[in-house]
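Peer 1: how does the following fold in three dimensions:
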Amino acid sequence: MGLMSFIVDAGEKLLGAPLVSAAPNVPELNKTAAAAIAKYVANQNLTAQNLAIIYDGATKTVTVKGVAADLATKEKIVLCCGNVRSVAKVDDQMTVVQSSAPASSFYEVKAGDSLSKIAKLVYGDGNAYGPIFEANKPMLSDPNKIYPGQQLRIPAKQ
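Peer 2: Residues are numbered from 1 along each chain as shown. I've put the predicted structure just below:
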């Protein structure tokens, strides 16, 4: 995937204000931020061999490395790293063991969006939101709980 952009003021609130404001100049705080993001990824039951997450507060960039079992897991880990408040970019340096599935596209949620509205836009059918919801589990626990600025995986139409 390379470098992926995110809205810095949207996402999970994992990094406290003192941490974010001080992180650009304090390596220990960058490590604390990286550990918080890694914990968030682990709490989503997403794993990869040799997973390494590095946060650079000066550029608000997360670099993620490791080997995912499949493309869907890789994409979900990248989205977990980026859908965090105070993260502007994710430098995806992950690889995949098995890559037979087509890559997903990504969609940035806008104000007024719903999964049905997004499904209508990308698939032509508002009732086809199920694959989008499934593709974003476990980060999404409810199809009605999306927020502006959030990046979502959009799987290829079946």
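Peer 1: could you find the closest non-adjacent residue to Tyr123?
Peer 2: Ranked by CB to CB, 6 or more residues apart in numbering and with sequence neighbours excluded, the top spatial neighbour of Tyr123 is Lys157, at 5.3 Å. Any C-beta I mention is one placed from the backbone N, CA and C, and that applies to glycine too.
Peer 1: just the helices in this structure please.
Peer 2: 17-22, 27-43, 71-82, 115-123, 130-135 (DSSP state H).
Peer 1: so which elements touch the second one?
Peer 2: Okay, so that is helix 27-43. Helices and strands touching helix 27-43, by 3 or more CB pairs under 8 Å, 6 or more residues apart in numbering; DSSP states H and E, are helix 17-22, strand 49-56, helix 71-82.
Peer 1: coming back round to it: ok, the residue nearest to Tyr123 - contacts?
Peer 2: Contact analysis of Lys157 by CB atoms under 8 Å, 6 or more residues apart in numbering lists Val122, Tyr123, Ala128.
Peer 1: tell me how many other residues surround Val41.
Peer 2: Here the count is done by other CB atoms under 10 Å, and Val41 has 23 residues near it.
Peer 1: one more: Ala33?
Peer 2: 27.
Peer 1: how about Gly124?
Peer 2: The burial count for Gly124: 9, using other CB under 10 Å.
Peer 1: same question for the one 10 residues further on.
Peer 2: The number of residues packed near Glu134 is 13, by other CB under 10 Å.
Peer 1: surely Asn136 meets Arg153?
Peer 2: Yes. Assessed by CB atoms under 8 Å, Asn136 is found in contact with Arg153 at 5.5 Å.
Peer 1: please parse the protein into its domains.
Peer 2: Structurally, the chain divides into domains by automatic domain parsing as follows: 2-98, 105-154.
Peer 1: make CSV out of the ones you listed and add mean pLDDT.
Peer 2: Formatted as CSV, these follow (pLDDT from 0 to 100):
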stretch, mean pLDDT
domain 2-98, 88
domain 105-154, 94
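Peer 1: most packed of those domains?
Peer 2: When you average the neighbours per residue for each of those (mean count of other CB atoms under 10 Å), domain 2-98 leads with a mean of 18.
Peer 1: with distance to Asp92 added, can I get the helices of the chain in CSV?
Peer 2: Putting the helices of the chain into CSV (distance: least, CB to CB, whole Å) gives the following:
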stretch, distance to Asp92
helix 17-22, 22
helix 27-43, 13
helix 71-82, 5
helix 115-123, 22
helix 130-135, 17
